[in-house]
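1. Here is my input, please return the structure:
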Amino acid sequence: MRTVKLTIEYDGTNYCGWQSQKNGVSIQETIRKTIHTMTDEDATLVGSSRTDAGVHALGQVAHFRTKAPVPCKGFLKGLNSLLPRDIRILDVQDVSANFHSLRDARGKHYRYIISTNSVPSAFFHSRVWHVHQSINIEGMKKSAKMLVGKHDFSAFKAAGSHVKDAVRTIHSVEIRRMGRSLKGIPCPVSGIAIDVLGDGFVRHMIRNIAGWLVEAGRGRISLDEARRIFKGKKRTEAGVCAPASGLYLMKVFY
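-> Below you'll find the predicted structure:
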């Protein structure tokens with residue numbers, strides 16, 4: 001029995017998220033069915049992150065176990081020939097039997113993209129968050145500094161989340177203006193990119209952080225108010241949850 005690791009890129013616009021669901025088409029189930037077509041096995045596909053509906057990925061990682069003798073290059077070519085065009089397998093590797101894409105992950109890199117074009121892009125509306133008002137990026141950066149380190153991120157976990165422990169470690173938060181291209185993502189918009197690297201994230205954490213930072217950048221909350229909200233741990237005070245369309249899983253670290 002082999003353990004096969006996949007590195008996956010996808011546009012999440014047309015899917016209910018990574019996780020298989022009864023009432024929607026998921027990325028996990030779409031790939032799993034394609035593996036079945038190639039191997040005639042009902043393999044279990046385990047992903048490193050349960051990205052939500054509309055969230056994208058450039059470096060999702062998943063694994064499955066198989067008895068099929070198909071070489072890695074055969075899986076790469078075969079899966080991509082069968083999958084829809086908005087899901088691509090970037091790499092296929094045989095790994096040790098002990099490898100687990102979720103449990104072995106040591107960190108993740110997410111990117112959130114905000115468009116500040118005066119007119120929303122007709123082509124990229126499902127891949128960014130379009131914000132009409134002007135944003136002071138320095139205000140965002142000042143608030144972002146307090147996120148780095150080990151903290152309780154309860155203020156940014158999804159409303160109604162049953163996760164009891166929201167303590168996570170953020171290694172870095174980088175906020176920068178971007179032109180009409182950004183390394184890793186061709187993007188015909190001008191705007192702001194927020195890159196967050198951490199050991200793990202609770203549901204909606206990056207989207208809620210993005211919404212909170214935009215509030216700071218708009219001048220709607222002061223630095224002291226942003227700090228109070230963060231330390232207060234109340235989701236209801238931390239602003240809007242940014243749309244899923246602007247979020248990208250860039251890389252998973254092992």
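2. residues near the spatially closest residue to Ile35 that is not a sequence neighbour, how many?
-> Excluding its sequence neighbours, the residue lying closest to Ile35 (Cβ to Cβ, 6 or more residues apart in numbering) is Ala43, at 5.1 Å. Quick note: C-beta positions are derived from backbone N, CA and C, even for glycine. Ala43 has 18 neighbours, counted by other Cβ atoms under 10 Å.
3. Name all residues that make contact with Ala43.
-> Contact analysis of Ala43 by Cβ atoms under 8 Å, 6 or more residues apart in numbering lists Arg32, Ile35, His36, Phe64, Arg65, Thr66.
4. Can I get the helix or strand encompassing Arg228 in PDB, CA atoms only?
-> Element membership for Arg228, per DSSP states H and E: helix 223-232. Extracted in PDB, the C-alpha atoms of helix 223-232 (Å, rounded to 0.1, in the frame of the first residue of the first chain):
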ATOM      1  CA  LEU A 223      -4.900  51.800  17.200                       C
ATOM      2  CA  ASP A 224      -6.000  51.800  20.800                       C
ATOM      3  CA  GLU A 225      -9.500  50.600  19.800                       C
ATOM      4  CA  ALA A 226      -8.000  47.900  17.600                       C
ATOM      5  CA  ARG A 227      -6.000  46.700  20.500                       C
ATOM      6  CA  ARG A 228      -9.000  46.700  22.800                       C
ATOM      7  CA  ILE A 229     -11.000  44.700  20.300                       C
ATOM      8  CA  PHE A 230      -8.200  42.100  19.900                       C
ATOM      9  CA  LYS A 231      -7.600  41.700  23.600                       C
ATOM     10  CA  GLY A 232     -11.400  41.700  24.300                       C
END
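5. for it, packing partners?
-> Judged by 3 or more Cβ pairs under 8 Å, 6 or more residues apart in numbering; DSSP states H and E, the packing partners of helix 223-232 are helix 137-144, helix 205-217.
6. tell me which residues of it are tucked away?
-> Ala226, Ile229, Phe230 (16 or more other Cβ atoms under 10 Å).
7. distance between that helix and the chain's centre?
-> Chain-centre distance of helix 223-232: 25 Å, with Cα atoms, centre = their mean, to the nearest Å.
8. Name the next helix or strand downstream of it, please.
-> Downstream of helix 223-232, the next assigned helix or strand under DSSP H and E is strand 247-253.
9. Relative to the whole chain's centre, how far out is that next one?
-> Offset of strand 247-253 from its chain centre (Cα atoms, centre = their mean): 5 Å.
10. how big is the angle separating it from helix 205-217?
-> With axes from the mean of the first three to the mean of the last three Cα atoms, to 10 degrees as the basis, strand 247-253 and helix 205-217 are set at 120 degrees to each other.
11. From the contact counts, what lies against strand 247-253?
-> If you count contacts as 3+ Cβ pairs under 8 Å, 6+ apart, strand 247-253 packs onto strand 56-66, strand 107-115, helix 205-217.
12. what's the closest of these to Phe156?
-> Set against Phe156 and scored by Cβ to Cβ, those come closest in helix 205-217, at 4.0 Å.
13. which helices and strands sit right next to the closest one?
-> With 3+ Cβ pairs under 8 Å, 6+ apart as the test, helix 205-217 has strand 107-115, helix 137-144, strand 191-198, helix 223-232, strand 247-253 packed against it.
14. Most tightly packed of the helices and strands packed on strand 247-253?
-> Highest mean neighbour count of the helices and strands packed on strand 247-253: helix 205-217, a mean of 25 (counted as mean count of other Cβ atoms under 10 Å).
15. Run the angle between that one and strand 191-198 for me.
-> 130 degrees.
16. So which of the helices and strands packed on helix 205-217 is nearest His151?
-> Using Cβ to Cβ, these put helix 223-232 closest to His151, at 7.7 Å.
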